[in-house]
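**Q** The following comprises the amino acid sequence and a computationally predicted model.
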Amino acid sequence: MMFDPYVLRKDFPMIANGIKMQGHPLIWLDNASTTFKPYPVIKAVERYYYEETSNSHRGDYDLCFKMDQEVERTRETVAAFIGAKRPEEIVFTSGTTSSLNLLAFGYASKYLKPGDEILLTEAEHASNVLPWYKVKEMTGCEVNFIPLTEEGRLTVENVRKSLTEKTKIVSIAEVTNVLAYSAPIKEIAKICHENGILLAVDGAQSVPHKKTDVADSDVDFLSFSGHKLCGPTGIGVLYGKYSLLEKMDPFMTGGGNNAKFDMCGDASFLAPPMRFEAGTQNLEGIIGLRAAIEYLQKIGMEEIEEYEKSLKKYAVEQIEKTGNAIIYNHDSEGPIVTFNVKDVFAQDAATFFNSRGIAVRSGQHCAKILMDFLGTVATVRASFYFYTTKEDIDALADAIAHGKEFLDAYF
Amino acid sequence: MPTFELDPMMMREIIMDHYANPRHFGVPAKPEEYEKVHADSDNCIDDFDLYLKYENGKVTDAMFNGVACTISKASTDILCDLLIGKDKEKAFYIIDQFLAMIAEKPYDQEALDEALAFKNTGRQAGRIHCATMGWTAMAEMLKKEDK
């Protein structure tokens, strides 16, 4: 299939139906936050409610049996999509935040001891920082930060220099959510493993945009969300190497994750991944997630990555051309441009863009630590997906060029 | 005072003036003489302390300090202008008029003076909190003065 964003846009009702914001055609440049859903995903979710409603692993009738199959088929689809060796390495969660918390509470809080160390970077999303702070509170371990280069990049060299005898877990984003630098996770995994350290990767901003192959990169854990890759909200994945998942405790217990229990307080838990999936799962989400992944696979992750690279380059050029913006991440790999309009506070710029129908994110992007690093209290983030067009970016550049009129949003 | 009819140019100038040259931004020289309250926001960078000095039945000074966007900084600075010299009853009246204006309800224009520049904030729903947070925090402090 020839990659054509204009054809693909017809699959998205939020675009095809001409949704407006502030009286202008909606220009969605907040894809790092969430993405639009194509008809096949919406129809799959709808089908669950119209034709296939049932719980999973609960009954002896056909619909329920079929639902179990749907869940397991999705596990297989996800496993193939990220290169996992077996579907049992795919745990369904509510999203990246939930995946990282499961890992922190189920694994790290169980095994880490006082004096042990977890290494992060200053560019991490709050969801890849705060759970580790909880682990620190619970175990007495330390949480330290691997320094970034001056532009904000994580290098193998800096990882190597930061590892100590105490380091037990390194947890980093493959692509960071504000600056969108891509970390060399395969090399990082290698040096982590040479030192007996586990590598956990936050894939929220990478899995939707490029080919992922956990067998090749050899990362130990990978977390990502469905809604950032055209899937429903409230569904996500924790991938873990099976031998590690086997050592991990559930974060939640209840129906569906125990093999048996008695009133003397003894319970034995199921094997992964069911051990981590107590309670009724987000079944519409699981079905929608598979539809989303199949949709992306049909387009091709390489095609998506290549197109988004060209968009990023185009956006940087067009924004530079206005002479009215400061860009903080010219050279980063991910489809995100983080900037400020000259002399306009980030939130005010975002409101001005809103008045022109353009959705961007302003503020600290849940990466408060990074803002200290950038030396600015807030930025504007425009983030793209494969359905973003050059025209969308032109509209943004035009708004930036008129940035001095930002108060017009109120008049 | 004549009825205030502001055109967009004047509104812009008022907001930019109070943003670029706030009169009441900073920490008071003698903070111990002031009531203090913190205000911040979930959806904007706004994060500041407000100071209020109330003596002999009147607001004698009002200040604020911290990080603030254009809308919150300008609106809070104008608020300080309006409150200084007022007794509590008048101060509450002004704050109520402002909150009514932002909520697009009937209000007394004459009480608001330069704060009328914010009358269209409701068009940008995401920013209502920026425009009002200084005002609601100040009202909270004034209520404390009741004790």
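**A** Great, that's in hand. Residues are numbered from 1 along each chain as shown, chains lettered A, B, ... in the order given.

**Q** For residue 118, give me its contacts.
**A** Chain wasn't specified; assuming chain A. Applying CB atoms under 8 Å, 6 or more residues apart in numbering or on different chains, we find A:Ile118 in contact with A:108, A:112, A:132, A:135-136, A:141-144, A:167-171. C-beta: built from backbone N, CA, C; applies to glycine.

**Q** my bad, chain B
**A** By CB under 8 Å, 6+ apart, B:Phe118 lies in contact with A:Tyr410, B:Ile15, B:Ile71, B:Ser75, B:Phe98, B:Met101, B:Ile102, B:Ala131.

**Q** mind pulling up the phi and psi values for it?
**A** Torsion angles at B:Phe118 (phi, psi; degrees, to the nearest 10) stand at phi -100, psi 10.

**Q** any idea how far A:Ala278 is from it?
**A** To A:Ala278, B:Phe118 is 50 Å away according to CB to CB, to the nearest Å.

**Q** now swap in A:Pro232 and tell me
**A** Look at A:Pro232 and A:Ala278: by CB to CB, they are 20 Å apart.

**Q** In terms of neighbours, single out the busier of these two.
**A** The neighbour comparison of A:Pro232 against A:Ala278 (other CB atoms under 10 Å in any protein chain shown) goes to A:Pro232, with 21 against 18.

**Q** is it true that that one touches A:Lys37?
**A** Yes. A:Pro232 lies in contact with A:Lys37 (CB atoms under 8 Å); the separation is 7.1 Å.

**Q** shared neighbours, the two?
**A** A:Gly288, A:Ala292.

**Q** how about the helices in the stretch 151-300 of chain A?
**A** Taking DSSP state H, counting those that start in this stretch as the test, the helices found in the stretch 151-300 of chain A are A:156-162, A:185-194, A:214-217, A:242-247, A:283-299.

**Q** For the shortest one, buried residues please.
**A** Okay, so that is helix A:214-217. By 16 or more other CB atoms under 10 Å in any protein chain shown, the buried positions in helix A:214-217 come out as A:Val214, A:Ser217.

**Q** how many neighbours does whichever residue of chain B sits closest to chain A have?
**A** Residue of chain B nearest chain A, by CB to the nearest CB: B:Pro8 (3.6 Å). Neighbour count of B:Pro8, defined by other CB under 10 Å: 13.

**Q** How about A:Glu165?
**A** By other CB under 10 Å, neighbour count at A:Glu165 equals 9.

**Q** Over to B:Gly57?
**A** Counted with other CB under 10 Å, residues neighbouring B:Gly57 total 9.

**Q** Can you verify my assumption that it contacts B:Lys90?
**A** No. Using CB under 8 Å, B:Gly57 makes no contact with B:Lys90, being 10.7 Å away.

**Q** buried subset of the contacts of A:Ile118?
**A** A:108, A:112, A:132, A:135-136, A:141-143, A:167-171.

**Q** With distance to A:Ala350 and pLDDT as new columns, can the residues you listed be given to me in CSV?
**A** CSV is the format used below for those (distance: CB to CB, whole Å; pLDDT from 0 to 100):
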residue, distance to A:Ala350, pLDDT
A:Ala108, 36, 97
A:Leu112, 39, 98
A:Trp132, 30, 97
A:Val135, 34, 97
A:Lys136, 34, 97
A:Cys141, 38, 98
A:Glu142, 37, 97
A:Val143, 31, 97
A:Thr167, 39, 98
A:Lys168, 40, 98
A:Ile169, 35, 98
A:Val170, 34, 98
A:Ser171, 30, 98
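
**Q** What residues does the stretch 201-350 of chain A have near chain B?
**A** Neighbours of chain B within the stretch 201-350 of chain A, by CB under 8 Å from any CB of the partner chain: A:Val344, A:Phe345, A:Ala346, A:Gln347, A:Asp348.

**Q** Might you list the low-confidence residue ranges for chain B?
**A** Applying pLDDT under 70 to chain B picks out residues B:1-5, B:145-147.

**Q** and if we set it to 50?
**A** B:1-2 (pLDDT under 50).

**Q** near chain A, which residues of chain B?
**A** Residues of chain B lying near chain A (CB under 8 Å from any CB): B:8, B:11-12, B:15-16, B:43-45, B:67, B:69-71, B:118, B:120-121, B:123-124, B:126-127, B:130.
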